[in-house]
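Participant: here is my input; please provide its structure:
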Amino acid sequence: MAEDGSSEDRTQAPTGRRLAKAREDGNVAQSRETQMLLVLGAFLAVFSIVGASAAVRFVAHMHGLIEHFSTPIDDMASIGLVIRQAMTEGFLLMAPLVLVSLVTVIAFSMFQTQFLFRPQALIPDLTRLSPFNGFKRVFSLRNLIELFKSLMKFLVFGIVLYVIASGTLNVAPEAERWTVRRLTYELISWFTYATLIILLVQAFIAGLDELWTRHSRIQKLRMSHQDIKDETKREDGDPKIKAKRHQIRMRRARHRMIQSVRKATVVITNPTHYAVALSYESSVAAAPRIVAKGTDELAARIREAAQDAKVPVVNSPPLARGLYALPLDTEIPQEFFKPVAAIIAYVIKLKTPRSRA
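Facilitator: Take a look at the predicted model:
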């Protein structure tokens with residue numbers, strides 16, 4: 001497909017084949033912001049279910065460790081036990097959050113790509129090692145737009161977090177008198193609230209990014225009139241080759257019809273413009289079958305083949321025109337039974353030797 005044409009020439013929407021080919025090449029609409037939204041939502045859900053209690057338990061164990069930090073521990077087994085407890089609590093706190101984030105990323109990527117798997121993507125591409133190509137990618141319009149989006153997102157998140165943090169300053173003097181347990185719950189509450197607000201902001205950003213990602217992909221896949229013509233030619237084949245193949249098929253079909261005429265029961269003509277060959281075997285079919293038909297030149301060839309094979313040729317213009325309108329290789333309908341039966345009876349009578357007087 002022509003890729004070197006000006007983007008101004010590509011004014012047509014991409015065809016289904018173009019979109020399918022792009023998907024096979026790994027070009028699918030993937031919104032990073034939507035992925036981040038789902039990860040953040042899954043993170044908040046898991047943290048609300050199991051993370052909060054794990055955080056309280058972690059802080060309680062770490063508080064006990066810090067309180068005894070000034071007390072020398074000579075027993076290496078006790079030191080190892082403290083370290084293992086701290087690592088275990090840290091793992092129990094972080095493992096569900098990391099696991100759900102990883103599963104969400106993988107599941108969403110598979111859903112967005114409709115379970116597309118491209119083994120060829122694992123093959124190293126040496127062209128990506130080119131400094132010039134790398135420079136073009138870094139300073140491409142797409143990357144500049146992504147950079148601008150990231151800066152704007154961090155600015156919005158910074159403002160949101162600043163507003164939330166400013167609200168906590170009012171209770172800062174009271175926090176000095178709080179127990180560790182209450183302080184932990186307050187921090188968890190603030191963290192959940194801040195994450196929820198960020199989640200709502202991220203949902204708005206993801207909605208805009210999803211629209212932009214799909215629009216940008218379609219714009220890049222737009223085609224020119226020449227692109228569509230080239231694709232049609234590749235899909236349907238060269239018209240000259242198609243015409244030649246059609247001629248070959250017609251020639252073979254006519255040859256088969258002529259061979260069928262040699263085994264026909266009778267040929268009904270117009271007498272020159274139409275010719276229809278009928279085959280009738282009472283033991284095989286209930287009605288005569290049209291085995292060949294043609295007009296003008298082909299009708300003449302049918303008559304010649306019938307004469308060579310000594311197949312009776314009967315002149316009946318109205319009947320010939322009526323039978324010619326019927327599909328090839330089909331039994332005649334009931335409305336033609338009576339005239340055709342009369343002709344076949346006449347033909348059979350001609351073929352039957354006269355009884356001697």
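
Participant: any idea which element Gly294 lies in?
Facilitator: Using DSSP states H and E, the element containing Gly294 is strand 289-295.

Participant: helices of the stretch 201-350 of the chain, residue ranges please.
Facilitator: According to DSSP state H, counting those that start in this stretch, the stretch 201-350 of the chain carries its helices in the segments 225-236, 239-261, 296-308, 317-324, 337-351.

Participant: chain center to the fourth one, what's the gap?
Facilitator: Relative to the chain's own centre, helix 317-324 is displaced by 51 Å; criterion: Cα atoms, centre = their mean, to the nearest Å.

Participant: what packs against that helix?
Facilitator: Where contact means 3 or more Cβ pairs under 8 Å, 6 or more residues apart in numbering; DSSP states H and E, helix 317-324 is packed against strand 266-269, strand 274-279, strand 289-295, helix 337-351. Any C-beta I mention is one placed from the backbone N, CA and C, and that applies to glycine too.

Participant: residues touching it, excluding its own?
Facilitator: 268-271, 274-276, 278, 290, 293, 295, 332, 336, 339-340, 343 (Cβ atoms under 8 Å, 6 or more residues apart in numbering).

Participant: nearest to Val59 among the residues you listed?
Facilitator: Distance to Val59, by Cβ to Cβ, is smallest for Ile290 among the contacts of helix 317-324, at 92.0 Å.

Participant: the closest one and Ala325 touch, don't they?
Facilitator: No. With contacts counted by Cβ atoms under 8 Å, Ile290 stays clear of Ala325, the gap being 10.4 Å.

Participant: which parts of stretch 144-161 are buried?
Facilitator: Buried positions in stretch 144-161, judged by neighbour count with 16 or more other Cβ atoms under 10 Å: 149, 153, 157.

Participant: closest one of those to Arg57?
Facilitator: Nearest member of these to Arg57, counting by Cβ to Cβ, is Phe157, at 29.1 Å.

Participant: A helix includes the closest one, no?
Facilitator: Yes. Assessed with DSSP: H, G, I helix; E, B strand; the rest coil, Phe157 lies in a helix.

Participant: ok, and the closest non-adjacent residue to it?
Facilitator: Ranked by Cβ to Cβ, 6 or more residues apart in numbering and with sequence neighbours excluded, the top spatial neighbour of Phe157 is Ile198, at 6.1 Å.

Participant: got the confidence number for that neighbour?
Facilitator: We have a pLDDT of 87 for Ile198.

Participant: ok, now which ones touch it?
Facilitator: Listed by Cβ under 8 Å, 6+ apart, the contact partners of Ile198 are 40, 157, 160-161.

Participant: in helices only, show me those.
Facilitator: 40, 157, 160-161 (DSSP state H).

Participant: which of those lies closest to Ala29?
Facilitator: Proximity of those to Ala29 (Cβ to Cβ) peaks at Leu40, which lies at 20.2 Å.

Participant: could you measure from the closest one over to Thr34?
Facilitator: Between Leu40 and Thr34 the distance, using Cβ to Cβ, to the nearest Å, works out to 11 Å.

Participant: can you check Arg262 too?
Facilitator: Distance from Arg262 to Thr34, by Cβ to Cβ: 71 Å.

Participant: more neighbours: those two, which one.
Facilitator: Higher neighbour count among Arg262 and Thr34: Thr34, with 20 against 15, using other Cβ atoms under 10 Å.

Participant: what does the one helix or strand that one maps to contact?
Facilitator: For Thr34, the host element (DSSP H and E) is helix 32-46. By Cβ under 8 Å, 6+ apart, the surrounding residues in contact with helix 32-46 are 96-97, 100-101, 103-105, 108-109, 112, 149, 153, 192, 195-196, 198-199, 202-203, 205-206, 208-210.

Participant: let's go with 7 Å and repeat that
Facilitator: For helix 32-46, contacts defined as Cβ atoms under 7 Å, 6 or more residues apart in numbering pick out 96-97, 100-101, 104-105, 108, 195-196, 198-199, 202-203, 205-206, 209-210.

Participant: and these, which of them are buried?
Facilitator: 96-97, 100-101, 104, 108, 195, 198-199, 202, 205-206, 209-210.

Participant: of these, closest to Ala29?
Facilitator: Within the buried ones among the contacts of helix 32-46, the smallest distance to Ala29 is 8.0 Å, found for Glu210 (Cβ to Cβ).

Participant: test my guess that that closest one contacts Ser31.
Facilitator: Yes. Here Glu210 reaches Ser31: they are 4.6 Å apart, a contact under Cβ atoms under 7 Å.

Participant: tabulate the helices of the stretch 201-350 of the chain (TSV), appending mean neighbour count, mean pLDDT and distance to Ser48.
Facilitator: Listed next are the helices of the stretch 201-350 of the chain as TSV, based on neighbours: other Cβ atoms under 10 Å; pLDDT from 0 to 100; distance: least, Cβ to Cβ, whole Å:
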stretch	mean neighbour count	mean pLDDT	distance to Ser48
helix 225-236	13	74	51
helix 239-261	12	83	64
helix 296-308	17	89	82
helix 317-324	18	89	80
helix 337-351	14	85	83
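
Participant: for those helices, which one sits closest to Arg214?
Facilitator: Going by Cβ to Cβ, the one of the helices of the stretch 201-350 of the chain nearest Arg214 is helix 225-236, 20.4 Å.

Participant: give me the packing partners of the helix or strand where Arg84 lies, helices and strands only.
Facilitator: Here Arg84 sits within helix 76-112, counting by DSSP H and E. Helices and strands touching helix 76-112, by 3 or more Cβ pairs under 7 Å, 6 or more residues apart in numbering; DSSP states H and E, are helix 32-46, helix 52-67.

Participant: hey, least reliable of those by pLDDT?
Facilitator: Averaged per stretch, pLDDT over those is lowest on helix 52-67, reaching a mean of 67.
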